[in-house]
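**Student:** Structure for this input, please:
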Amino acid sequence: MKFKPLFFLSGMILIFVVSSCKTKQMAKNNSNVLETTEADKSFKFIDKANMDLSVAPGDNFFEYVNGSWLKNTKIPDDKTRWGSFDELRDKTNMAVQDLLNYVSGTPHLHPAGSKEYNVGHFYNSGMDVEQINSLGLEAIRPQLNLIKNINNTEQLTEVIVALTKKGIYTVLSAYIGPDDKDVTKVIPQFNQGGLGLPTKDYYTDKDANSEANRKAYQKLIADFLILNGQSPQEAVKNAEAVFAIEDKLAKASLYPAEMRDPQKMYNKFSLADISTKTPGLNWQHLFHLMSFEGEDSVIVSNISYYTTLAHELKSTPIEDWKNYLTFHTLNNMSAYIGDKAEALHFGFFGETLSGQKAMKPRWERVMSVINSSIGDQLGELYVERNFNQEAKARMKELVHNLQVAFEERINGLDWMSPATKEKALYKLHGFVDKIGFPDKWRDYTGLVIVPDNYAQNVMNSRAFRYDKQLKKLGKPVDRSEWFMTPNTVNAYYNPAFNEIVFPAAILQFPFFDFKADDAINYGGIGAVIGHEMTHGFDDQGAQYAADGNLKNWWTAEDEEQFKAKTAILVEQFNDYTVLDSVHVNGELTLGENIADLGGVAIAYQAFKKTHQGQHGEPIDGFTPDQRFFMSWGQIWRSKAREKTSLMLIKRDPHAPGIWRANGPLSNFEPFYKAFNVTPKNKMYRPESERAKIW
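**Tutor:** Residues are numbered from 1 along each chain as shown. Purely as a prediction, here's the structure:
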């Protein structure tokens, strides 16, 4: 069952584990890996070798801080982009590999169901390429036979649900989560789905690149159908029919930017009412099939999509639907059913869409699957070996300091009324912070992991997760739940719980280091904390009250002022280019841009309360303020393949790294003072044109 999206710091989920001595030795063989041993910290956390001192910081701060790195660094063949996050990920993956090699050598020595047993056997099953190839499509033959035996619309719906319960998502994108307007209760919720290409744009854009992608995608569909036994001629014809289904669903879908309005996405119905609005789709029967027993209400984010789906389920020939489900099942399970299927998937989604030149190593691909399947068990192993409890205490202190600074900034706003300020402060004081790892680990009792069937382990873990979600129905919301594993370099804000969450793995350099000066830590993890706090007050988060409910707590005048201020940020980012004439989507990235702007401002205000912020001496020729901003600049260090950039600009709510670094600073007066930015500099904005929100 899918889950409601949260507000993440980064669009890419990354894994970071502290290196063992063995891993450090391995890492030295890769010049792209950023080491954080004591010897390597001789540059005092700002490495001049990464900088381009010929660039004026007021012209392009991102280039000033990262210019030499950008010129000298090549994106590895098995990556679509490369940067600070990815350097950490690569270094960490080698440490995780050590962990996996250890537990996979002795899983039989541990009790069935234990974290060592499950992780070890799961890893072994994924690494046994000979066994995976031997099973091939037979590993999912029961699912393919279900599809093959469909004879009518009722059976079609039954099979769609059966696949959904195995985590094979086709036209239904459902999850169970808090009701946005009563977060004490959970409710079944349905989003749009059904598409094989990333977003609606890929079906509607008319440029040559989009046309080529659609042609290549139809070839992928045909190739998978051929793999399942169809002749090339019938596969090509059937691929056209499959694409036609998706094209109709795409026309009824929303663009990513349109899905950012929580009020627009909140459409609650009784089952009787939604059945009337989507004739041909029996929601009572659907709920029975999905085991949503006793539930009589549903939230549907896009009515148009389900109206179209209901029509297509009735009017599209059953054989076309069978080919659609066959393709999506094969594509969804391609990484687990043999080299041929995996190569087909990578050829399109890796090479054609993303420009990736080579697959990641097998162990790394398997590791990623384990993290998404039984992530808490892998995360618990990580925490036992690597987490420093002192980091949690230090983070608590930093969160408090940032909270105090944010309170001061809210009180100092000249555009917000006292009534709205009171509500904003109430929400700020209500923040719950989760740091490191959960107080209570997920219980995997009942999950069966076997040593010799990779595909079965994947489907077992997906079915287990589905059943765990079902158990939430009719029960109080569990606010202790985490939606990210501890071994993930990222952070998130959850509006329903009004919580900010920082997994253990992000508490590392370049975000945080015990031995770094405050400028580095506040410019790194401090800005991350401020970023997540500001998400509670961005254009989406500001629609949720302190109790997590979607309700208006603003005066009408203040709300209009807020919208006017955010519109400035939209215009600014619309002007930023990615490739030639391709621009950032200011609407799609607005929430993240507000959070970045607020994050750096709040972190800076907190930093100025420290001894270094007030009395610090220069280090390596840079003042404390300069080091703060340089720390900010280096965490966004990144470069991406052209095809990846084009894909991300359509779907990722985060702007490219250069604009995440430069955009907020162009609006921030302390940056101007720190680097003597004048009207002659390219980043300079007249004060009247600067975005000032939080």
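**Student:** Flag every buried residue along the longest strand along the chain.
**Tutor:** Counting residues, the longest strand found in the chain (DSSP state E) is strand 182-191. With burial defined by 16 or more other C-beta atoms under 10 Å, the residues of strand 182-191 counted as buried are 183, 186-191. Where you see a C-beta, it was placed from the backbone N, CA and C, and this is true even at glycine.
**Student:** so can I have TSV of the residues you listed showing pLDDT and distance to Val236?
**Tutor:** Listed next are the buried residues of strand 182-191 as TSV, based on pLDDT from 0 to 100; distance: C-beta to C-beta, whole Å:
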residue	pLDDT	distance to Val236
Val183	97	49
Val186	97	45
Ile187	98	43
Pro188	98	38
Gln189	98	37
Phe190	98	33
Asn191	98	31
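**Student:** Among these, which one sits closest to Ala222?
**Tutor:** Among the buried residues of strand 182-191, Asn191 lies closest to Ala222 (C-beta to C-beta), at 28.3 Å.
**Student:** I'd guessed that closest one sits against Ile299; true?
**Tutor:** No: with contact defined as C-beta atoms under 8 Å, Asn191 does not reach Ile299; the gap is 9.4 Å.
**Student:** what is in contact with those two at once?
**Tutor:** Between them, Asn191 and Ile299 share no contacting residue under C-beta atoms under 8 Å, 6 or more residues apart in numbering.
**Student:** The stretch 501-650 of the chain: strands as residue ranges?
**Tutor:** 577-579, 582-583, 638-640 (DSSP state E, counting those that start in this stretch).
**Student:** What are the buried residues along the first one?
**Tutor:** Applying a neighbour-count criterion of 16+ other C-beta under 10 Å, one finds Val578 buried in strand 577-579.
**Student:** And it, what does it pack against?
**Tutor:** Applying 3 or more C-beta pairs under 8 Å, 6 or more residues apart in numbering; DSSP states H and E, one finds that strand 577-579 contacts helix 642-651.
**Student:** From the rest of the structure, what touches whichever helix or strand comes after the helix it packs on?
**Tutor:** Using DSSP states H and E, the helix or strand that follows helix 642-651 in sequence is helix 657-665. Helix 657-665 has contacts (C-beta under 8 Å, 6+ apart) with 60-63, 65, 83, 572-573, 576, 584, 592-593, 596-597, 599-601, 629, 632-633, 636-639, 654-655, 671, 683.
**Student:** Ok, stretch 379-394 next?
**Tutor:** Residues from elsewhere that reach stretch 379-394, judged by C-beta under 8 Å, 6+ apart: 17-18, 95-96, 99, 103, 115-116, 119, 435-437, 441, 485-487, 504-505, 507, 512, 514.
**Student:** residues in contact with Gln230?
**Tutor:** Gln230 touches Asn238, counting by C-beta under 8 Å, 6+ apart.
**Student:** Can you check my assumption that it lies in a strand?
**Tutor:** No: looking at Gln230 with DSSP: H, G, I helix; E, B strand; the rest coil, it is coil, so not inside a strand.
**Student:** So it versus Tyr202, what's the distance?
**Tutor:** 25 Å (C-beta to C-beta, to the nearest Å).
**Student:** Asn453 now?
**Tutor:** Taken as C-beta to C-beta, the span from Asn453 to Tyr202 is 34 Å.
**Student:** repeat for Val570
**Tutor:** Separation of Val570 from Tyr202 (C-beta to C-beta) stands at 24 Å.
**Student:** now Lys219
**Tutor:** For Lys219, the distance to Tyr202 equals 15 Å [C-beta to C-beta].
**Student:** How about the contacts made by the residue nearest to Gly83 when sequence neighbours are not counted?
**Tutor:** Nearest residue to Gly83, sequence neighbours excluded (C-beta to C-beta, 6 or more residues apart in numbering): Ser638, at 2.7 Å. Shown in contact with Ser638 (C-beta under 8 Å, 6+ apart): 81-86, 656-657.
**Student:** In strands, which of the residues you listed fall?
**Tutor:** Counting by DSSP E, those place 81-83 in strands.
**Student:** quick one: which of those residues has the most company?
**Tutor:** Counting neighbours by other C-beta atoms under 10 Å, Gly83 comes out on top of the ones in strands among the contacts of Ser638 with 24 neighbours.
**Student:** where does the stretch 151-300 of the chain have low pLDDT?
**Tutor:** Within the stretch 151-300 of the chain, no range satisfies pLDDT under 70.
**Student:** could you pull out the helices for it?
**Tutor:** 153-165, 201-204, 208-227, 232-251, 262-265, 271-277, 283-289 (DSSP state H, counting those that start in this stretch).
**Student:** Let me know the angle separating the fourth one from helix 208-227.
**Tutor:** Looking back up the chat, that one is helix 232-251. 130 degrees (axes from the mean of the first three to the mean of the last three C-alpha atoms, to 10 degrees).
**Student:** Let's see helix 232-251 as CSV, backbone CA atoms only.
**Tutor:** Extracted in CSV, the C-alpha atoms of helix 232-251 (Å, rounded to 0.1, in the frame of the first residue of the first chain):
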residue,chain,number,x,y,z
PRO,A,232,6.9,-9.6,-32.1
GLN,A,233,4.0,-8.7,-34.3
GLU,A,234,1.3,-9.2,-31.7
ALA,A,235,3.5,-7.6,-29.0
VAL,A,236,3.9,-4.4,-31.0
LYS,A,237,0.1,-4.2,-31.6
ASN,A,238,-0.7,-4.9,-28.0
ALA,A,239,1.9,-2.4,-26.8
GLU,A,240,0.0,0.3,-28.7
ALA,A,241,-3.2,-0.7,-26.9
VAL,A,242,-1.4,-0.7,-23.5
PHE,A,243,-0.1,2.8,-24.2
ALA,A,244,-3.5,4.0,-25.3
ILE,A,245,-4.9,3.0,-21.8
GLU,A,246,-2.2,5.0,-20.1
ASP,A,247,-2.6,7.9,-22.4
LYS,A,248,-6.3,8.2,-21.4
LEU,A,249,-5.5,7.9,-17.8
ALA,A,250,-2.8,10.6,-18.2
LYS,A,251,-5.2,13.0,-19.7
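**Student:** which other residues reach it?
**Tutor:** Residues from elsewhere that reach helix 232-251, judged by C-beta under 8 Å, 6+ apart: 171, 192, 194-197, 200, 202-204, 214, 217-219, 221-223, 225-226, 230, 305, 308-309, 312, 316-317, 319-321, 323-324, 327.
**Student:** Pull out the buried positions in that helix.
**Tutor:** 235-236, 238-239, 241-243, 245-246, 248-250.
**Student:** Let me see the mean pLDDT of stretch 656-671.
**Tutor:** For stretch 656-671, mean pLDDT is 99.
**Student:** hang on, I meant stretch 83-92
**Tutor:** Mean pLDDT, stretch 83-92: 84.
**Student:** just stretch 368-384 next, same as before
**Tutor:** Per-residue pLDDT values over stretch 368-384 give a mean of 95.
**Student:** So which bits of that stretch are buried?
**Tutor:** Buried, per 16+ other C-beta under 10 Å, within stretch 368-384: 368-383.
**Student:** Only the C-alpha atoms, please, for it, written as PDB.
**Tutor:** Provided in PDB are the C-alpha atoms of stretch 368-384 (Å, rounded to 0.1, in the frame of the first residue of the first chain):
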ATOM      1  CA  SER A 368      18.300  -0.900  -1.700                       C
ATOM      2  CA  VAL A 369      15.600  -3.500  -2.000                       C
ATOM      3  CA  ILE A 370      16.200  -4.700   1.600                       C
ATOM      4  CA  ASN A 371      16.100  -1.100   2.900                       C
ATOM      5  CA  SER A 372      12.700  -0.600   1.300                       C
ATOM      6  CA  SER A 373      11.400  -4.000   2.300                       C
ATOM      7  CA  ILE A 374      12.600  -4.500   5.900                       C
ATOM      8  CA  GLY A 375      14.300  -1.200   6.500                       C
ATOM      9  CA  ASP A 376      13.700  -1.100  10.200                       C
ATOM     10  CA  GLN A 377      15.600  -4.400  10.700                       C
ATOM     11  CA  LEU A 378      18.500  -3.100   8.600                       C
ATOM     12  CA  GLY A 379      18.300   0.200  10.400                       C
ATOM     13  CA  GLU A 380      18.400  -1.400  13.800                       C
ATOM     14  CA  LEU A 381      21.600  -3.300  12.800                       C
ATOM     15  CA  TYR A 382      23.000   0.100  11.600                       C
ATOM     16  CA  VAL A 383      22.200   1.800  14.900                       C
ATOM     17  CA  GLU A 384      23.700  -0.900  17.000                       C
END
